[in-house]
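Participant: predicted model and sequence follow; I will ask about them next.
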Amino acid sequence: KSSSNISFPPGPKGLPMLGNLLDLNDSQLWVSFSQWASTHGNVMYCKLFGQQIVVLQSHEVAKALLERRSSIYSDRPPISTTEAIGSGFNSAQLRYSDEWRMHRRIFHQSFRPEAVKDYLPIQLRKARQLLQGIIEAPERYQDHIDLFASSVIMSAVYDYEAKPHNDPLLLAAEKAIKVFLEVANPQTAVILEAFPFLLKLPSWFPGAKFKRLAIQSQKNAIAMVNIPFNYARERAMTATSNQCMVSESFKRLDAFGNAGEFELALKSTSATAFIGMTRFTASTLAVFILAMMLYPDVQKRAQEEIEAVIGTDQLPTFEDRPSLPYVDAILRETLRWHPVFPLGLPHYTSDSDVYNGHYIPKGALVMANIGAMSQDEVKYPNPDEFKPERFFQADGQLNDDTVDFIFGFGRRVCVGRYFATASLWISMVSLLATFHFMRPLDNEGKEVDPVFQWSTGLSSHPVSLPCRVIPRHPEMTAHMLADVIGLSA
Ligand code: HEM
């Protein structure tokens, strides 16, 4: 108790021992939090190994604290491995500081709603390259989705045109991200990222392996941050660059004062954007494919809408978005049905606070349980069901629930949300216009439910999801598609 009449929020007693905690299915940690919440309420408190943790289970509470009291709730926890593994550049991990403010300003300039319009042509072009790739090799649809997610951001940030196969910069970046994740072995990744203080416990963390991986990770991070940035800077200086985040930011250099600090921040934000885009956009598209396979009626209704508005002899563009509300509802429902980032990133209190009679200490991890919010049965009846119709009002118009909570809260809200939703919309609508996504067949040729795994770690998405991706117009070949979309095959 902090004083005689103010107490910590309620929370579970007798928490699992560390061993049990590590047995938890990482990507389902939010489910355990939700279960605890059913007994302890919307603001739950627990203490694990000296670290105070507050879990916010409802959208209202997250807004009340992380948004309306953002001066207290906008820090991030110190992470003990940051320097060792070379992830200090990552804007998402920065403490609430002047350096973080400079990162946000750079992001804001490039990714605010007005500015993201400049990237629409890149997103459209990449979405069509995605179609071409899948037409050529439908069985490798997941690789093409990954390529779409990473190449769209490479173009938008660095004006770099990634090659479809074995692109050296993409390979370097993917290697860096993979080792970041490996430094914390997969089953503990989420726990480590959410509870970095656990690293202080040497018994379960084999030091030698960690050190070896850390050195490798540092090298990879340096390559990932510097190589594409140097490429983009050189082009920006010689004025051969198309519009991209790096070239546009250099034009605003004067507004940022110190050139050295600015360049470091620009390099770091660019690499952070790459991580955000590849990790979460590709994951969201994997959830989308799963939903389309499991809910063929939804898929059919979307395809009918697209055909009624656009016909079959051309492909959708961003101008069609207002005329395709059902596709927009599918985008919202995909984000809600299975949030790929169910616990977001932890905030950290920079001062103590009192909320509804509950004491929230300074230095507490504050986690918004986005997974629980998306399953709110009052707001989303039958939350397990994929039902885009829930986003329509009685008059047939889309409602105003754009599931923003998926992108976090307050001053630390995702900076890439407008860019991400545009990339997701154009890829989803293009895929729906071109392909059927069907369940796999068994040996007797009967459709069966796909067998796959959910990823472990912070990002939660289907891995190795079998799907029959079939062109909707059987005569369509890569060459014909190239004609329709105006690209050379
Ligand atoms: C479907 C795609 C995405 C999802 C679901 C997502 C979700 C999130 C969430 C939940 C947070 C934590 C917010 C908080 O702390 O309250 C976050 C932070 C962040 N996201 Fe995203 N994100 C996505 C795409 C992107 C993209 C494309 C970019 C970059 C262009 C990006 C850049 C960032 C950055 C830099 C932060 C940290 C902000 C800060 O700490 O100040 N994200 N994102």
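Facilitator: In hand now; what should we look at?
Participant: can you give me the helices for the stretch 351-489 of the chain?
Facilitator: 370-374, 417-434, 478-485 (DSSP state H, counting those that start in this stretch).
Participant: which of those sits closest to the ligand?
Facilitator: Smallest distance to the ligand across these (CB to the nearest ligand atom): 3.8 Å, for helix 417-434. Where C-beta positions appear, they are placed from N, C-alpha and C, glycine not excepted.
Participant: helices and strands around the closest one, which ones?
Facilitator: Under the contact definition 3 or more CB pairs under 8 Å, 6 or more residues apart in numbering; DSSP states H and E, helix 417-434 sits against helix 113-116, helix 120-136, helix 141-158, helix 282-294, helix 296-310, helix 325-337.
Participant: with adjacent residues omitted, what lies nearest to Ala291?
Facilitator: Phe386 (4.6 Å; CB to CB, 6 or more residues apart in numbering).
Participant: residues contacting that neighbour?
Facilitator: For Phe386, the contacting residues are 291, 294-295, 298, 333, 337, by CB atoms under 8 Å, 6 or more residues apart in numbering.
Participant: and those residues, which two are furthest apart?
Facilitator: Spatially, the most separated pair among the contacts of Phe386 is Leu294 and Glu333, at 12.2 Å (CB to CB).
Participant: about what we covered before: got the contacts of Phe386 as TSV, with neighbour count, distance to Gly363 and pLDDT columns?
Facilitator: Converted to TSV, those look like this (neighbours: other CB atoms under 10 Å; distance: CB to CB, whole Å; pLDDT from 0 to 100):
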residue	neighbour count	distance to Gly363	pLDDT
Ala291	19	40	98
Leu294	14	43	98
Tyr295	19	45	98
Val298	20	45	98
Glu333	24	38	98
Trp337	23	35	98
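Participant: now tabulate those in CSV and tack on distance to the ligand.
Facilitator: Shown next, in CSV, are the contacts of Phe386 (distance: CB to the nearest ligand atom, whole Å):
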residue, distance to the ligand
Ala291, 15
Leu294, 20
Tyr295, 20
Val298, 19
Glu333, 14
Trp337, 13
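Participant: in the stretch 51-200 of the chain, where is pLDDT below threshold?
Facilitator: 80-81, 84, 181-200 (pLDDT under 70).
Participant: now it against the ligand: closest residue?
Facilitator: Taking CB to the nearest ligand atom, the stretch 51-200 of the chain has Ala92 as its residue nearest the ligand, at 3.5 Å.
Participant: what separates the residue nearest to that residue when sequence neighbours are not counted from Pro383, distance-wise?
Facilitator: Using CB to CB, 6+ apart and skipping residues adjacent in sequence, the residue nearest Ala92 is Leu345, 5.8 Å away. Going from Leu345 to Pro383 by CB to CB, to the nearest Å gives 23 Å.
Participant: now the closest residue to Phe391 other than its chain neighbours: how far from Arg472?
Facilitator: What sits nearest to Phe391 in space, not counting adjacent residues and going by CB to CB, 6+ apart, is Ala329, at 4.2 Å. Ala329 is 20 Å from Arg472, where distance means CB to CB.
Participant: neighbour count: the two, which is higher?
Facilitator: The residue with more neighbours, out of Ala329 and Arg472, is Ala329; 22 against 14, by other CB atoms under 10 Å.
Participant: who's in contact with that one?
Facilitator: 388-392, 398.
Participant: gap between the two ends of stretch 59-75?
Facilitator: Its start and end residues considered, stretch 59-75 measures 19 Å (CA to CA, to the nearest Å).
Participant: give me the low-pLDDT residue ranges for the stretch 201-350 of the chain?
Facilitator: Within the stretch 201-350 of the chain, the ranges that satisfy pLDDT under 70 run 201-212, 239.
Participant: name the nearest residue to the closest residue to the ligand within it, sequence neighbours excluded.
Facilitator: Of all residues in the stretch 201-350 of the chain, Gly276 sits closest to the ligand, at 2.7 Å by CB to the nearest ligand atom. Nearest residue to Gly276 in three dimensions, chain neighbours excluded: Gly416, at 4.9 Å (CB to CB, 6+ apart).
Participant: around the ligand, which positions in the stretch 251-400 of the chain sit nearby?
Facilitator: 272-273, 276-277, 280-281, 284, 340-341, 344-345, 347 (CB under 6 Å from any ligand atom).
Participant: most neighbours, which of those?
Facilitator: With neighbours taken as other CB under 10 Å, the top of these is His347, carrying 29 neighbours.
Participant: distance of that residue from Ala173?
Facilitator: Per CB to CB, His347 is found 27 Å from Ala173.
Participant: can you tell me the centre-most residue of this structure?
Facilitator: Phe280 (2.7 Å; CA atoms, centre = their mean).
Participant: still on that earlier bit, neighbours of the residue of the stretch 51-200 of the chain closest to the ligand, just the number please.
Facilitator: Residues lying near Ala92 (other CB under 10 Å) number 16.
Participant: now do the same contact list for it.
Facilitator: 76, 272, 276, 345.
Participant: what two of the residues you listed have the greatest distance between them?
Facilitator: Pairwise distances across the contacts of Ala92 peak at 14.9 Å for Arg76 and Gly276 (criterion: CB to CB).
Participant: state the distance from the closest residue to Ile153 other than its chain neighbours to Leu465.
Facilitator: Distance criterion CB to CB, 6+ apart; nearest residue to Ile153, sequence neighbours excluded, is Met277 at 3.8 Å. Per CB to CB, Met277 is found 20 Å from Leu465.
Participant: report the buried residues of stretch 292-302.
Facilitator: Residues of stretch 292-302 classed as buried under the neighbour-count rule (16 or more other CB atoms under 10 Å) are 292-293, 295, 298-299, 301-302.
Participant: for stretch 125-144, that is, sorry about that
Facilitator: For stretch 125-144, the neighbour count (16+ other CB under 10 Å) marks 125-135, 141-142, 144 as buried.
Participant: how long is that stretch from one end to the other?
Facilitator: One end of stretch 125-144 to the other measures 14 Å (CA to CA).
Participant: stretch 347-355 now?
Facilitator: Distance between the two ends of stretch 347-355: 16 Å, counting by CA to CA.
Participant: give me the contact list for it.
Facilitator: With CB under 8 Å, 6+ apart as the criterion, stretch 347-355 contacts 2, 6, 9, 43, 54, 61, 64-66, 69, 71-77, 96, 359-368, 409-410, 412.
Participant: would you list the buried entries among those residues?
Facilitator: Buried residues within these, defined by neighbour count using 16+ other CB under 10 Å: 9, 43, 54, 61, 64-66, 69, 72-77, 96, 359-360, 364-368, 409-410, 412.
Participant: which of those residues fall within strands?
Facilitator: The strands, defined by DSSP state E, take in 43, 54, 359-360, 365-368 from those.
Participant: ok, of the residues you listed, which one's closest to the ligand?
Facilitator: Of these, the one sitting nearest to the ligand (CB to the nearest ligand atom) turns out to be Ala368, at 6.2 Å.
Participant: identify the bridge partners of the closest one.
Facilitator: Leu56 (DSSP bridges).
Participant: okay, it: pLDDT?
Facilitator: With respect to pLDDT, Ala368 scores 94.
Participant: in contact with it, which residues?
Facilitator: By CB under 8 Å, 6+ apart, the neighbours of Ala368 are 56, 62, 66, 343-344, 347, 405, 408-409.
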